[in-house]
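# Whatever this is, show me its structure:
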Amino acid sequence: MVWGAVWLFLLGVQLMNACPGPIETKCHLCEPPCRLITSITTNSSDDCCSLCNSVKTCQFWTLNLEESLCHLKQDQSPISAGNSCTSGTATAFEAASIVVDPSVKLHPTQRGLHGCHIDLGYDHQAYGFTTELLYGESFETFNLPGPAPSLADSQRVDSTVKSIQGIAPSDNTTLYWYQVLGAASQVTLTQDAPFNGLQSVRLSRSQGMSPVSIVNRGFHGQGLALSANHQYHGSLYARNQGSQAVTLNISLEDFHVGLILSTLTVQVPAGSDWAKYSFDLPTRHSTSCQDYPWDTAPLFCYGGLQYRAGHACWQCGGQLAVQLASVGQVDLDAASFEDVEVRFEDQRVTKEIVNLLQAIDLDGIRLGGTYVKLDTALDNASHIGYYWKALRGDADKRPPIVQQGSGISPFWGSQLRSAVFGPMEILNLTEKLNITGIITLNHLETDDDLADLVDYMFSDDGSNPWVQQRGDDGHPDPFNLDKYFELGNEIYNFNFVSQVDAMEKRATALGVGGKLRYACPWQCQTKILDDGASKYGSQIYLDRHDSDDPQADVFEQLIAQWEKKDYTARFTIWETNTGTLHDFQRVMQEAQDMNQYEREAQRVRLDSRTASFCVEASGHDDLWANGHGDQGLIFFAPNQTWAQPPYYLHKMVVESRQDYVVAANSSLPQLDVVALASNDGNNIAVRVLNYNNISIAYKLDLETTNTACLLTSSTYAAPNGQLNATNPAVDPYRYVPTVKTGQHVQVRDGWNNTAQPYEFATLVFEC
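Got it, this is the predicted structure:
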């Protein structure tokens, strides 16, 4: 009965908007006084005619079937020789028709489509989330983007420091720790039994020599944006193999103005092995930030990004300094420093990013990317770099990781990636936010290790050593089951079925068998997917990485094959790789996706989608040399975090959520429409996407018993049709949706409105 009603409903809309028969003519050139209004892709003469009728200035239309283009024109065009076209004149202005029937419920609205994706292959993304302020915190190799800047070059671009140089610049070994006091010989790197990784830094001072100091300025040397009257907490590991105690002065400084903001003294006893020294440093003053030259040491803001709106190269004045003040020698390793006042609850994640994600009612976060299969651990171990057992527990005890691909361009080569933010941080954060946690694991993880992960996460047996370990790691209770495990990233994972077997066997022993969800990359078609789907049914997912383009047709083709085999496997989309878009072009693409999946997700078995990327560092997209990666929903700089246009698209979508998707039809396919309604039908939301560079008038009919409704509208249109518009760092709220409330409108007999060029609108009626 429902589909019969829908068919009659759609037929009625089509009949109301039929166009008169077209004329077959030669194609027309548009020469003065003719004016071409726009050209739109279509092969339908009815659509072309209706478009012309719905645009007030259109007098004449031409449809070139060979080019699949509808040309809307003002005034007649002279006829010229050429291809055969279908053409006609505007009969009379007639708005397009949108009809919504909230009584025809198609299916419940889909949850799980408003997640975002973090790819730590772009190392900056970790620093959009974590409260950690230091970078290169373990003094390892592989940090430099190129030859270390010479002392003369550094002084030329950073004249506020007397003598800045990278540690051991001739060996191209470290960056982001700088020596600012003492002779170069007083700072060395040693591989003598480091606390973590493969090396530590050694400071030494002989009788008659000056003190020696090193400083850290945070991510890519951007400087720390310190806030007045905040309490900062830090720690470092120190070892003194000498015969006399040494004194360390640890201070917060503003190197722009030469001011010490806070300082304290730490004593490291003689003959002591590695020990952790914690400290607290309050601040009396804030540090300021200022423009910095692009593509210049030591920041290396990525050249070319300065021409893309939204990017800035800023340096702030804060630095953490460690000085060996006494005669002697000390080794340092695994340093950490954070502003505890910006933490979200007990997580080492900033409140600022959490608040932004909560504002769009995010329903999942996926952590994964090519780095998962390319990382190497710096701990002289044989295991892979991205290894869950090595990435749990205290961050300062995790092995540093060298990344050799993914978001690294040839400019960087191999690069050290921080281990302070990883899968456990995502699992903990998503639990706190009560949203879905999605982690991608290396395809080389052993079956036994993955079974241990199931114990670690879900067992409640206090005698189980993995339960005890979980408690020591700060999570005494089992994790909830709202998780996805992706086994491998963009790779044909031969181990997938045996890995799932091992995890399911352990899950069954714990009483949660059949409740975990496993995804294999898109490359797993067909043999591996077949083997998994035949054994585990709807627990198995195939993960599609797209280019932010609708995938329903692709899924339908596979579903047709699966149904012949009785497979109930399902789909995810965990990367939307636009490559370059954080602008209104991306708004249009995301809106197109959201509308299609709102209508089709359940039919095409799509359960989860995460947009790439959650965050991006302004000025520091490491893969921009290859024209990729510049696609963050949220941007951050040392001193601020702000949203880009695609973020607001998702905010509009979630704010217009209702209980059911209901019948809706537009007489013009160029107006992409989806409608939703509350269970009682009194609240109706209509989302209208005009992905065209013309204004289209339309008449909206709500098939409701009420004659008038209270309207709240949100509209978001590319300014002056500029699809490349974004929110710049200096004006972070330049483009936000326009919201109007309290408008009483007549809906029973139609309400007239106009979809502006490149506009997404949500219309929520309270009837």
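# Report the separation between the nearest residue to Gly532 once chain neighbours are set aside and Arg517.
What sits nearest to Gly532 in space, not counting adjacent residues and going by Cβ to Cβ, 6 or more residues apart in numbering, is Ile540, at 4.5 Å. No exception for glycine: its C-beta is placed from N, CA and C like everyone else's. The gap separating Ile540 from Arg517 is 8 Å, by Cβ to Cβ, to the nearest Å.
# quick one: which of these two has more around it?
Set side by side, Ile540 and Arg517 give different neighbour counts by other Cβ atoms under 10 Å, the larger being at Ile540 (26 against 21).
# Next up, the contacts around the more buried one.
Val500, Tyr518, Ala519, Cys520, Leu529, Gly532, Ala533, Ala569, Arg570 (Cβ atoms under 8 Å, 6 or more residues apart in numbering).
# Need phi/psi at the residue nearest to Gly532.
The main-chain torsion angles of Ile540 are listed as degrees, to the nearest 10 and equal phi -100, psi 130.
# Any idea what it is bridged to?
Residues in a beta bridge with Ile540, per DSSP bridges, are Tyr518.
# Mind pulling up the pLDDT for it?
For Ile540, the pLDDT comes out at 98.
# so where's the stretch 1-150 of the chain shaky on pLDDT?
When residues are selected by pLDDT under 70, those of the stretch 1-150 of the chain lie in 1-26, 28-29, 76-83, 141-150.
# That one: strands as residue ranges?
Read by DSSP state E, counting those that start in this stretch, the stretch 1-150 of the chain holds these strands, from start to end of the chain: 23-28, 35-41, 60-64, 69-74, 79-89, 96-108, 115-118.
# Deepest-packed of those strands, please.
strand 115-118 (a mean of 26; mean count of other Cβ atoms under 10 Å).
# Can you list the strands that it pairs with?
Strands flanking strand 115-118 in the sheet, each with its direction: strand 364-367 (parallel), strand 606-612 (parallel) (DSSP bridges).
# For the first one, list every residue counted as buried.
To tie it back to what came earlier, the one meant is strand 364-367. Residues Gly364, Ile365, Arg366, Leu367 are the ones in strand 364-367 that count as buried (16 or more other Cβ atoms under 10 Å).
# Is the third one bridged to anything, and to what?
Each beta-bridge partner of Arg366 is listed here, defined by DSSP bridges: His117, Ile438.
# show me what contacts it?
The neighbourhood of Arg366, defined by Cβ under 8 Å, 6+ apart, consists of Gly115, Cys116, His117, Ile118, Ile438, Ile439, Thr440, Tyr484, Glu486, Trp574, Ser608, Thr610.
# do the first one as well
Under the criterion of Cβ under 8 Å, 6+ apart, the contact partners of Gly364 comprise Gly112, His114, Gly115, Cys116, Thr430, Ile435, Thr436, Gly437, Ile438, Ser608, Thr610.
# just to revisit the earlier point, between the contacts of Ile540, which has the most around it?
By neighbour count, taken as other Cβ under 10 Å, the most surrounded of the contacts of Ile540 turns out to be Ala519 (29 neighbours).
# now it: how far from Cys34?
54 Å.
# which two from the contacts of Gly364 end up farthest apart in space?
Using Cβ to Cβ, the pair of those lying farthest apart is His114 and Gly437, separated by 14.8 Å.
# what sits up against stretch 196-205?
Contacts to stretch 196-205, defined as Cβ under 8 Å, 6+ apart, come from residues 138-141, 167, 177, 182, 186-192, 194, 211-212, 214, 237, 239, 322, 324, 326-334, 378-380, 396-400.
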